[in-house]
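1. Generate a structure from the sequence data that follows.
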Amino acid sequence: MSRWQELTGGTSGEEYAARFDALRRGGKDVHGEAAFCAALVPAGARVLDAGCGTGRVMIRLAELGYDCVGIDLDASMLDVARERAPHLPFLQVDLADFAPAPLGLAPDFDLVVAAGNVLPLLAPGTEATVVQRLAAVLRPGGLLVAGFGLDAAHLPVPPALTLPEYDAYCAAAGLALVNRCATWDADPYGGGGYAVSVHRAGPVDPVRI
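-> Okay, the predicted model is just below:
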């Protein structure tokens, strides 16, 4: 079972969406992740939202002209996403078991984004597998973008993934670090409890899963 399932019981979709709706009504920009991704690849690019949740990031990217697919295990989150954007493809799948072919997806995404502490909230021990599976659907030169907390102040669970560990998983999957920021506003990373990392797939296709 994932840390997310243990934390929420898989029933928090409406509550999660309501929290961001309240932030938006209060004047807060809730599209920082989408803006960050849009600065990396041009409109029309194929984007996989891994751990898409209620679709907040993906729906905004689709509005900006991106060709998006969302995947998540939490049915309650996907119910909200499908209600809000019934025209977009939201697929229920465990990231640790994700393979594109059975879902009818081509493994040639320009960008994969994992926002919202997706990686630290995976099932313990599956982090390396998930990184490899996400890397495997990138085209050569494609980007994996992941933002997650590194300390108790930025996570709803005890910290379980360090940046050196994450970079090692990426390297094993054929990805190289090209940028790291402290926020989705692209502030430079100089240490601290939250990081947004951008890794690029090499010129040779990584092993397909």
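
2. biggest strand in the protein by residues?
-> Secondary structure of the chain read by DSSP state E shows that its longest strand is strand 138-149.

3. so after it, what's the next helix or strand?
-> Using DSSP states H and E, the helix or strand that follows strand 138-149 in sequence is helix 163-172.

4. Name the next helix or strand downstream of that following helix, please.
-> Going down the chain from helix 163-172, the next helix or strand is strand 175-181, by DSSP H and E.

5. Now do the longest strand of the chain, average pLDDT.
-> Mean pLDDT, strand 138-149: 98.

6. And stretch 53-63, by the same measure?
-> 96.

7. quick one, strands of this protein?
-> Taking DSSP E to define them, one finds strands in the chain at 46-50, 67-72, 90-92, 109-114, 138-149, 175-181, 194-201.

8. Format these as JSON lines; extra columns: distance to residue 188.
-> (C-beta placed from N, C-alpha, C; glycine too.) Output for the strands of the chain, formatted as JSON lines (distance: least, Cβ to Cβ, whole Å):
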{"stretch": "strand 46-50", "distance to residue 188": "24"}
{"stretch": "strand 67-72", "distance to residue 188": "28"}
{"stretch": "strand 90-92", "distance to residue 188": "34"}
{"stretch": "strand 109-114", "distance to residue 188": "20"}
{"stretch": "strand 138-149", "distance to residue 188": "14"}
{"stretch": "strand 175-181", "distance to residue 188": "7"}
{"stretch": "strand 194-201", "distance to residue 188": "11"}
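
9. tell me the centre residue of this protein?
-> residue 114 (1.1 Å; Cα atoms, centre = their mean).

10. OK, contacts around that one?
-> 50-51, 134, 144-148 (Cβ atoms under 8 Å, 6 or more residues apart in numbering).

11. at 6 Å what do you get?
-> Contacts for residue 114 (Cβ atoms under 6 Å, 6 or more residues apart in numbering) come out as 50-51, 146.

12. what pLDDT does it get?
-> Residue 114 carries a pLDDT value of 98.

13. ok, so what distance separates it from residue 65?
-> Plainly put, residue 114 is 21 Å away from residue 65 if you go by Cβ to Cβ, to the nearest Å.

14. same question, residue 34
-> For residue 34, the distance to residue 65 - Cβ to Cβ - is 11 Å.

15. ok, back up a step: mind listing the strands the longest strand of the chain pairs with, and their directions?
-> Partners of strand 138-149 in the sheet, by DSSP bridges, are strand 109-114 (parallel), strand 194-201 (antiparallel).

16. Look up how far residue 161 lies from residue 32.
-> Residue 32 is 21 Å from residue 161, by Cβ to Cβ.

17. no no, residue 181
-> 17 Å.

18. Likewise for residue 144?
-> Distance from residue 144 to residue 161, by Cβ to Cβ: 14 Å.

19. higher neighbour count, those two?
-> Neighbours were counted for residue 144 and for residue 161 using other Cβ atoms under 10 Å; residue 144 has more, 24 against 20.

20. Now do the more buried one against residue 173, distance only.
-> In terms of Cβ to Cβ, residue 144 sits 8 Å off from residue 173.
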